[in-house]
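Engineer: quick check, what structure comes out for this input:
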Amino acid sequence: MKSTKTKLHGFKKARSYPSITTGGATMKSDARKRSMSVALLVTVIMALVVAVVAGAQEIPPGPWTSLPDYIGAPAKAHPTANNGVPQNPFLAPNPFSHGHKDIWMSDTANVAGPLGRNPVILSTTLPKTHDHWLTPCGNVVFDSHGRLILTCFGWDEASLVMLDPDTLEVLTHKDLDVVTGPPVGEGGQDFPPSMWAIYGYLDNLDQMHMVAKGRKIITLGEAGSASSPEFVEVGEGYDLGELLDETRIVSVG
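Structural biologist: So this is what the prediction gives:
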C-alpha cells in the first residue's frame, strides 16, 4: 500500500478542547476551577441509530406517553479533587484521547459535569455512514477543533465519523476494514467481530490509531479544510498478519 501524500492539517488549527484540568495544574477560567472527576457525558455515546426517512438527521421521537417531558431540577455543583491522571505528551489532552478517557483507562475526567440548567436533547441518525439499522458508537473523542470523533460498528461494518459538536451534523466519515462473520465472545457477551475495529486512540496531531481487518495497525489523519474535512490514511501502517497466525488484534490503546 502506498503512503497517502495528502497534506494534513491544511487549515489553521484552533485549540478548542472543552475546559479541562491537567495533572493538578492551576487553570484560569472559573469553569476549569470547578472541574470535576466525572465520566464525560456525550449525548451520542452508545446511540441507537434507527432507520428513518432518507435525508433526516434527528432520530424521530417515540410514541406519546403520559410521562412528563422532563423530570428533575438543576443540581448544585459538588466539585471533587483533580484525578491526577498523568498526561501522555504524544496524545490528545486527557480525557479526549480515548474512549476510556485516557491511555491509563481511568474512565474519569476533570470536566465540569452538566447541572441540568436548560437541558436540550440532540440526536442524529448518522446518515450515510452505515447500512445496519443498529449502530452503536461507543468510542468518543474530541479533536483539537472541538469536533466529535466517533468509532461506530454494525453487522460486518464499522466507520470513523466526525460530527459538529453543536448540531451533531456529520462532517465526514470513513468506512473501516473489518473482520466479518458471526458474533464471538465469552460468558454470553457476544459481539460481531467488526467491533474490533473501533478501539483506538487519538494522538496530539489529530490522528486516530486503529485496527484494520484484525491484523494491521493503521493511522487515519485529518485533511481537507474546516468546511470540508476528510479522513486520510497516513503512511503504510503495520501489517502484523505474518506474526499472528489465526490470532486477531482486537484493539489499539
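
Engineer: contacts, neighbours, all on C-alpha from now
Structural biologist: Will do.

Engineer: quick one: the strands in the stretch 1-150 of the chain?
Structural biologist: With DSSP state E, counting those that start in this stretch as the criterion, the stretch 1-150 of the chain has strands at 137-142, 148-154.

Engineer: weakest of those in terms of mean pLDDT?
Structural biologist: The minimum mean pLDDT among those belongs to strand 137-142 (a mean of 89).

Engineer: returning to what we had before: reformat the strands of the stretch 1-150 of the chain as CSV; add mean neighbour count and distance to residue 60.
Structural biologist: Formatted as CSV, the strands of the stretch 1-150 of the chain follow (neighbours: other C-alpha atoms under 10 Å; distance: least, C-alpha to C-alpha, whole Å):
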stretch, mean neighbour count, distance to residue 60
strand 137-142, 24, 18
strand 148-154, 25, 20
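
Engineer: how far away is residue 165 from residue 150?
Structural biologist: Relative to residue 150, residue 165 is positioned 11 Å away (C-alpha to C-alpha, to the nearest Å).

Engineer: return the residues in contact with the residue lying closest to residue 162 once chain neighbours are set aside.
Structural biologist: Closest residue to residue 162 apart from its sequence neighbours, by C-alpha to C-alpha, 6 or more residues apart in numbering: residue 149 at 4.7 Å. By C-alpha atoms under 8 Å, 6 or more residues apart in numbering, the residues touching residue 149 are 140-143, 160-163.

Engineer: between those residues, which is nearest residue 195?
Structural biologist: residue 160 (12.1 Å; C-alpha to C-alpha).

Engineer: just give the nearest non-adjacent residue to the closest one, would you?
Structural biologist: Going by C-alpha to C-alpha, 6+ apart, residue 160 has residue 151 as its nearest residue, at 4.7 Å.

Engineer: isn't the one you found up against residue 159?
Structural biologist: Yes - with contact defined as C-alpha atoms under 8 Å, residue 151 counts as touching residue 159 (5.8 Å).

Engineer: overlap in contacts of these two?
Structural biologist: Shared contacts of residue 151 and residue 159, defined by C-alpha under 8 Å, 6+ apart, comprise residue 198.

Engineer: can you give me the helices in the stretch 101-250 of the chain?
Structural biologist: For the stretch 101-250 of the chain, the helices defined by DSSP state H, counting those that start in this stretch occupy 241-244.

Engineer: output the strands of the stretch 1-150 of the chain in a markdown table, with distance to residue 192 appended to each entry.
Structural biologist: Shown next, in a markdown table, are these (distance: least, C-alpha to C-alpha, whole Å):
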| stretch | distance to residue 192 |
| --- | --- |
| strand 137-142 | 14 |
| strand 148-154 | 8 |
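
Engineer: roughly how far does residue 244 sit from residue 216?
Structural biologist: According to C-alpha to C-alpha, residue 244 and residue 216 sit 10 Å apart.

Engineer: those two: which has the busier surroundings?
Structural biologist: Neighbours were tallied for residue 244 and for residue 216 using other C-alpha atoms under 10 Å; the higher tally belongs to residue 216 (17 against 12).

Engineer: one step back: between the strands of the stretch 1-150 of the chain, which one is closest to residue 229.
Structural biologist: strand 148-154 (12.1 Å).

Engineer: the closest one pairs with which strands, parallel or anti?
Structural biologist: Strand 148-154 has the following strand partners under DSSP bridges: strand 137-142 (antiparallel), strand 157-163 (antiparallel).

Engineer: how about the ones you listed in TSV, adding distance to residue 108?
Structural biologist: What follows is these, written out as TSV (distance: least, C-alpha to C-alpha, whole Å):
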stretch	distance to residue 108
strand 137-142	14
strand 157-163	23
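
Engineer: quick one: closest of the ones you listed to residue 174.
Structural biologist: Across the strands paired with strand 148-154, closest to residue 174 is strand 157-163 (C-alpha to C-alpha), at 5.2 Å.

Engineer: ok, residues contacting that closest one?
Structural biologist: Here strand 157-163 makes contact (C-alpha under 8 Å, 6+ apart) with 129-132, 147-153, 169-178, 180, 194-195, 197-198.

Engineer: buried sites along that strand?
Structural biologist: Neighbour-count burial for strand 157-163, with 16 or more other C-alpha atoms under 10 Å as criterion, is recorded at 157-163.
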